[in-house]
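In: test case, fold it:
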Amino acid sequence: MFKGILTVQCAGLGHELLALCPEFESLCGLRFAPLQPSFPAVTCTAQATFRTASPPGEHGVVCNGRYDRKTRRVDFWHQSAGLVAGERIWQGLRQNSGTVAILFYQQSLGESCDLLLSPAPIHRHHGGMIQACQSRPAGLEDELNAAIGKRFHLRHYWGPEAGRKSSQWICQALKLLMSKHRPTFIAAYLPHMDYCQQKFGSDCRQRIYPELLLLASWLKQLREHCTELGYELLVWGDYAITPAHQALFPNRILRQHGYFEARSVSGGGSYPNLYDSAAFAMVDHQVAHIYLQDPAELETLQKIFQTQPGVAKAMPPKHFGLPDFESGDLVLEAEPGYWFAYHWWEKDSEAPDYARHIDIHNKIGFDPCELFWKIPFLSINTDCSLPKGTHGRCDQPAAYAASPALGEQVQAQSLLELSAKTRDVLNRITP
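Out: Residues are numbered from 1 along each chain as shown. Presented below is the predicted three-dimensional model:
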């Protein structure tokens, strides 16, 4: 049986994307097959599905954000592992004295593992930010920074400067971690293919081809390192990114119909009033969760959104296999080429101050415009025509590959099946 397994989640690694780089498989030494994502096809939902071998209806992660009905607060990218319900696929391995490392997973703080590294910056009271990761053991971040010769920078992980440097650092950290600590199972995340596709589109070969070449070279290095140390390798994509042509604004529609309330403040700008809004939309790429104060309004709102151009479906969460307790009362799925923006304002003078800045926690939706500077580089751009790639729908497959011995045991059609088979393999390892 295997000594250890390294699993690498590659953001936005769609199976059709590999056609832009025909030599990709030969360069990295892996053969890729299509993999059906879980709905919605977004980061946190995919990672929760892989970690638990259970669908969103059970693990409860319905997108990258969460709405707390008691506090009436939206919280995107919250890092607590407690948000993911269910037993982890490595639980049996740890009970058999195996060790587990988690690197750069969302919702991983407090996770049941032995080694952990996740971005966790400190926001200063009077502005500014301290670059930092949270690690287990506490000295792991400093150990890796010293060995690599540079710190992990959050600006390479998200924002206008996000790109290949993030994945490069993580790959270096993985090799060092494997050599020194030898965890039995590693779950890691490489983000950089997400940024270039959202900015330029998955069909922009000029921009995407060089990034795929880099990814192939890093996967080759990891594969060779695995072979040297006796590890098996599993690489999986979480979703395929597809072309984006137009943004949809469900909160504007709700405001026009008298459901969404915003409060204006002195000095300009408006802010969502979720305490008094009869309904609002928490948006994430191609999915939107509509939360209602009065369930009797469901049929009316369903009719409103079913007639909106660009909306493919407006259905209760059970239609999508999502849990009632976390999902909106109504869930919207965008048509191909469309994505949902969180904006409720029509005039720039009404925009909240955080609209022009990177603020992943206060916005009531994911904002891909945070990937774009607004010249003279003092703020981000708010032009929703800029993003050229999006995801969330499940009509295009992701891609996965494994080293030959492991590949024979984890052949799968879907992410859910891949996770279950990985769990079965882990349960048979006796360190």
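In: hey, let's count contacts and neighbours off CA atoms from now on
Out: Will do.
In: now residue 269: how far from residue 284?
Out: As judged by Cα to Cα, to the nearest Å, residue 269 and residue 284 stand 23 Å apart.
In: compare the two (neighbour count), which wins?
Out: Under the criterion of other Cα atoms under 10 Å, the comparison of residue 269 against residue 284 puts residue 284 first, with 27 against 19.
In: could you find the closest non-adjacent residue to that one?
Out: residue 366 (5.1 Å; Cα to Cα, 6 or more residues apart in numbering).
In: residue 74 is in contact with that neighbour, correct?
Out: No - the criterion here is Cα atoms under 8 Å, and residue 366 misses it with residue 74 at 10.9 Å.
In: need the overlap of contacts for these two.
Out: residue 65 (Cα atoms under 8 Å, 6 or more residues apart in numbering).
In: who has more neighbours out of those two?
Out: residue 366 (22 against 18).
In: could you check the pLDDT of that one?
Out: Per-residue confidence (pLDDT) for residue 366: 97.
In: any idea how far it is from residue 128?
Out: Distance from residue 366 to residue 128, by Cα to Cα: 22 Å.
In: do residue 107 as well
Out: From residue 107 across to residue 128, the span is 24 Å (Cα to Cα).
In: those two: which is more packed in?
Out: When residue 107 and residue 128 are compared for neighbours, residue 107 comes out ahead with 21 against 9, by other Cα under 10 Å.
In: that one and residue 416, how far apart?
Out: The separation that residue 107 has from residue 416, given Cα to Cα, amounts to 18 Å.
In: ok, residue 271 next?
Out: Residue 271 is 39 Å from residue 416, by Cα to Cα.
In: and the two? which has more neighbours close in?
Out: Using other Cα under 10 Å as the criterion, residue 271 and residue 416 rank with residue 416 on top: 22 against 18.
In: ranges for the helices of this protein?
Out: 24-28, 43-52, 56-59, 91-95, 140-148, 164-181, 192-200, 205-229, 250-256, 298-306, 404-407, 415-427 (DSSP state H).
In: hey, which of the ones you listed is tucked in deepest?
Out: helix 43-52 (a mean of 25; mean count of other Cα atoms under 10 Å).
In: same for that helix, what does it pack against?
Out: If you count contacts as 3 or more Cα pairs under 8 Å, 6 or more residues apart in numbering; DSSP states H and E, helix 43-52 packs onto helix 56-59, helix 415-427.
In: which residues are in contact with the first one?
Out: Looking back up the chat, that one is helix 56-59. By Cα under 8 Å, 6+ apart, helix 56-59 touches 38-39, 45, 48-49, 52, 62, 84-86, 321-323.
In: what's the closest of these to residue 137?
Out: Of all those, residue 84 has the smallest distance to residue 137: 22.0 Å, by Cα to Cα.
In: would you list the phi and psi of that closest one?
Out: Per-residue torsions, residue 84: phi -100, psi 110 (degrees, to the nearest 10).
In: wait, it touches residue 60, no?
Out: Yes - assessed by Cα under 8 Å, residue 84 is found in contact with residue 60 at 6.4 Å.
In: ok, back up a step: between the helices of the chain, which gets nearest to residue 347?
Out: Nearest to residue 347, of the helices of the chain and by Cα to Cα, is helix 250-256 at 11.3 Å.
In: contacts only, for residue 361.
Out: Listed by Cα under 8 Å, 6+ apart, the contact set of residue 361 reads 74, 75, 76, 77.
In: which of the helices of the chain sits closest to residue 393?
Out: Residue 393 lies closest, by Cα to Cα, to one member of those: helix 43-52, at 12.4 Å.
In: so what's the gap between that closest one and the chain middle?
Out: Centroid separation for helix 43-52 versus its chain: 9 Å, with Cα atoms, centre = their mean, to the nearest Å.
In: now do the domain split for the chain, please.
Out: Listed domain ranges for the chain are 4-243+392-427, 246-387 (source: automatic domain parsing).
In: against residue 365, how distant is the residue of the chain positioned farthest from its centre?
Out: For the chain, the largest distance from the centre (Cα atoms, centre = their mean) belongs to residue 266, which lies 35.7 Å off. As defined by Cα to Cα, residue 266 lies at a distance of 24 Å from residue 365.
In: tell me the confidence at residue 267?
Out: At residue 267, the pLDDT value in this model is 77.
In: what is the burial count for residue 257?
Out: 11.
In: let me redo that: residue 71
Out: Count around residue 71 with other Cα under 10 Å applied: 9.
In: quick one: it from residue 343, how far?
Out: For residue 71 relative to residue 343 (Cα to Cα), the value is 21 Å.
In: count residues in the vicinity of residue 362, would you?
Out: Neighbourhood size, residue 362 [other Cα under 10 Å]: 13.
In: check the one 5 residues further on too.
Out: Burial of residue 367 is recorded as 22 neighbouring residues (other Cα under 10 Å).
In: skipping adjacent residues, who's closest to it in space?
Out: residue 341 (6.9 Å).
In: gap between the one you found and residue 284?
Out: From residue 341 to residue 284 the distance is 8 Å (Cα to Cα).
In: shared neighbours, the two?
Out: Contacts common to residue 341 and residue 284, judged by Cα under 8 Å, 6+ apart, are 365, 366.
In: ok, back up a step: select, out of the helices and strands packed on helix 43-52, the one closest to residue 246.
Out: Closest to residue 246 of the helices and strands packed on helix 43-52, according to Cα to Cα: helix 56-59, at 27.4 Å.
In: can I get that closest one in PDB, CA atoms only?
Out: Backbone C-alpha positions of helix 56-59 (Å, rounded to 0.1, in the frame of the first residue of the first chain) are rendered in PDB as follows:
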ATOM      1  CA  PRO A  56     -23.600  20.200  -0.600                       C
ATOM      2  CA  GLY A  57     -27.000  19.100   0.700                       C
ATOM      3  CA  GLU A  58     -25.100  17.400   3.500                       C
ATOM      4  CA  HIS A  59     -21.900  19.400   4.100                       C
END
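In: gap between that helix and the chain center?
Out: 16 Å.
In: okay, and for the stretch 101-250 of the chain, where does confidence drop off?
Out: For the stretch 101-250 of the chain, no stretch is flagged by pLDDT under 70.
In: fine by me, thanks again.
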